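Student: I'd like to go over a predicted model; first the sequence, then the structure.
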Amino acid sequence: MDYSFILKMFAGVGMFLFAISLIEDALKQSAGRMFKLLMKRYTRHNSTAVLTGVIVTGILQSSSMVSLIILAFVGAGVLTTRNALAVVLGANIGTTISNWLVVAFGFKVNIEPFCYPAVGLAGLGLVLFANHYRLKSAMHILMGVGLLFIGIGWIRSGAEEQVMKFDLSQYTGYSLFTYLIFGFILTSFIQSSSATMTIALSALNAGIIGLPVAVSVVIGAEVGTTIKVMIGSVSGNAAKKRLALGNFLFNIFTAILSFIFLKQILILLSSIFLIHDPLITLVAFQSFINVVSVLLLFPLLNRFAKFLEQRFKSSETSAAAFISHASINETESATDLFDKEVRYFVNNVMLFNLEAFGEDDNALKQEKEYAVTNKKKKFFSKSFFEKYEWLKELQGELQSFYIKLQTAKLTEQQSLQLDQLISAARSAMHAAKSVKDVYRNISDLERSSKNIKYQFYLRLKAEMEKLYSQLHVLGRAQDGIAFEQLKLLLNDLQDNYTLALKEFYANSQETSLADLDITTTLNFHRELFGSHKAMLMAIKDLVLDSQQAQGFKEIPVYLT
């Protein structure tokens, strides 16, 4: 039996999803900041927040992407749960705009023939304008739009071929609820309600399913599209979990309401709005139920937000291990806990930086004071970039606690100690950011087929292992010899940097190495050198007293 039509539909769905991803990424890179500023500025009131959700999602054409951006804002404390919910409500309406475009241009007008030259032009533009940021983004969007409608064409033609080869009576025996579950599972898997809508439109257009069945699939998709946001909130703080739950409950409410009144809504659309075309009816149904659901929930938005705020405790996912429950009124205890938290933070930054080079330092990892805490915080189960985001979150909590402590009655000694500790945290975060910025360079050097680059990588890796081993020992020191040892380490660091540069230049003269390779390698080396100095300065602030730390500042530490 010929199943080529199934493969054609499958390829069409894959192309459709890839096209959506391409457009999303291009818009996010070229205009992401503008949309974020828009959401920050116009989400103070419920009505403008809903409208902002509609507009932003209408442009970006991805309610999931908008919801994930909002999720990040809520986690960072930029938006309240109430305002974020209002934006998410608007996003549910905004995402239906793309479906109107799909039914208009993908089914009512065959623009597929025009998409092939568009894709060709975009591909040519990506090669010619590879170094031109804006034009490259525009070519990505053009490529995405072209592939999107080509994908729709393949899905539609595959569905039409199925009609000619199969007895459609086999599809009539299932209940509408079964199709609702199918829409939920499909959307949960492919994470695109727009793709599910396109499949439903294609099946409806080909006569494979009737309008009530297609509507049931789309209702299921309304719930399935929330799964990505739910997953995105799992490792987040309480605020993120509240928003994800609110989004899920809203879509469940919309699905139940629309499924119960499915037939009545279809009659309303045909008799009152005079919509008789099944394709347009399907898209109109989705828009209608989302608009009505927002109107019904909008007056209850404040109460709904209060309900969600009682679901999770904010302390559950605090990145901090020791200062979460500290009282600033107990200044001595608060200072001790702050000291412990900063040391924990510095320890984990060192682990993070070593991981970038594929190193697993057991001495740092098994530090008895922090091993249990890291296991509880699931630090080692996080990906490299998740660890970086977690470190940023912890640094933010340290900064916030430091600011609160400034309002307490501190002794002069406590004030000086706190200043050094927060300086250590800032230096450590700088060290982590520098390594994060060159993470891909590390991977490139490690896998390079050019021996000069690979040997340079091995040298820097060995130097880092030795430096961090020494810093780890010094970080536990409590005596006056630390000053001289740190000074020697700093001099060694500077000498090694200079020597490595000279050797690299000498080897480059003997080996054919592209100009770009030389520049990239040297920039990477300088960035790593800056990271090492920042980490050394963090340890300096942890182990030296205020007078010694001040004396250390008089040493020239930023020679490059």
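Tutor: All right, it came through fine.
Student: I'd like the mean pLDDT over stretch 226-239, please.
Tutor: For stretch 226-239, mean pLDDT is 73.
Student: do the same with stretch 71-81
Tutor: Stretch 71-81 comes out at a mean pLDDT of 68.
Student: do stretch 288-300 as well
Tutor: In the prediction, stretch 288-300 has an average pLDDT of 91.
Student: how distant is that stretch from the center of its chain?
Tutor: 29 Å (CA atoms, centre = their mean, to the nearest Å).
Student: cool, and stretch 469-476?
Tutor: 34 Å.
Student: Ok, stretch 241-258 next?
Tutor: 22 Å.
Student: Secondary structure class of V13, three-state.
Tutor: helix (DSSP: H, G, I helix; E, B strand; the rest coil).
Student: Distance check, it against A86.
Tutor: As judged by CB to CB, to the nearest Å, V13 and A86 stand 32 Å apart. C-betas here are computed from N, CA, C, even on glycine.
Student: These two - which one has more neighbours?
Tutor: A86 (29 against 23; other CB atoms under 10 Å).
Student: give the contact list for the closest residue to that one other than its chain neighbours.
Tutor: Using CB to CB, 6 or more residues apart in numbering and skipping the chain neighbours, the partner closest in space to A86 is A49 (3.4 Å). Contacts for A49 (CB atoms under 8 Å, 6 or more residues apart in numbering) come out as 42-43, 83-84, 86-87, 90.
Student: which ones among these are found in helices?
Tutor: Counting by DSSP state H, the part of the contacts of A49 found in helices is 83-84, 86-87, 90.
Student: Distance to R447 for those - can I get that in TSV?
Tutor: Below are the ones in helices among the contacts of A49 laid out as TSV (distance: CB to CB, whole Å):
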residue	distance to R447
N83	46
A84	42
A86	47
V87	42
G90	45
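Student: May I see the ChimeraX selection of the buried members of the residues you listed?
Tutor: Buried members of the ones in helices among the contacts of A49, defined by 16 or more other CB atoms under 10 Å, are picked up in ChimeraX with:
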select :83,84,86,87,90
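Student: out of the ones in helices among the contacts of A49, who's nearest A221?
Tutor: Using CB to CB, G90 comes nearest to A221 of these, at 18.3 Å.
Student: Next up, the contacts around the closest residue to the closest one other than its chain neighbours.
Tutor: Distances taken as CB to CB, 6+ apart put G53 closest to G90, at 2.3 Å, once the chain neighbours are dropped. The contact partners of G53, taken as CB under 8 Å, 6+ apart, are 66, 86-94.
Student: Around F456, how many other residues sit close by?
Tutor: F456, neighbours per other CB under 10 Å, totals 22.
Student: May I have the phi/psi pair for G358?
Tutor: Dihedral angles of G358 (phi, psi; degrees, to the nearest 10) stand at phi 80, psi 20.
Student: Helices along the stretch 201-350 of the chain, start to end?
Tutor: 211-224, 227-233, 238-260, 262-271, 278-297, 301-309, 331-356 (DSSP state H, counting those that start in this stretch).
Student: Of those helices, flag the one that's most buried.
Tutor: Most buried of those, by mean neighbour count (mean count of other CB atoms under 10 Å): helix 211-224, with a mean of 25.
Student: Identify all contacting residues around it.
Tutor: Helix 211-224 is contacted by residues 92, 171, 176-177, 179-188, 193, 196-197, 199-201, 203-204, 209, 248, 251-252, 254-255, 258-259, 262-263, 266, 278, 281-282, 285-286, 289-290 when judged by CB under 8 Å, 6+ apart.
Student: what about A431, neighbour count?
Tutor: A431, neighbours per other CB under 10 Å, totals 25.
Student: buried residues in the host helix or strand of it?
Tutor: For A431, the host element (DSSP states H and E) is helix 412-437. Residues 414-418, 420-436 are the ones in helix 412-437 that count as buried (16+ other CB under 10 Å).
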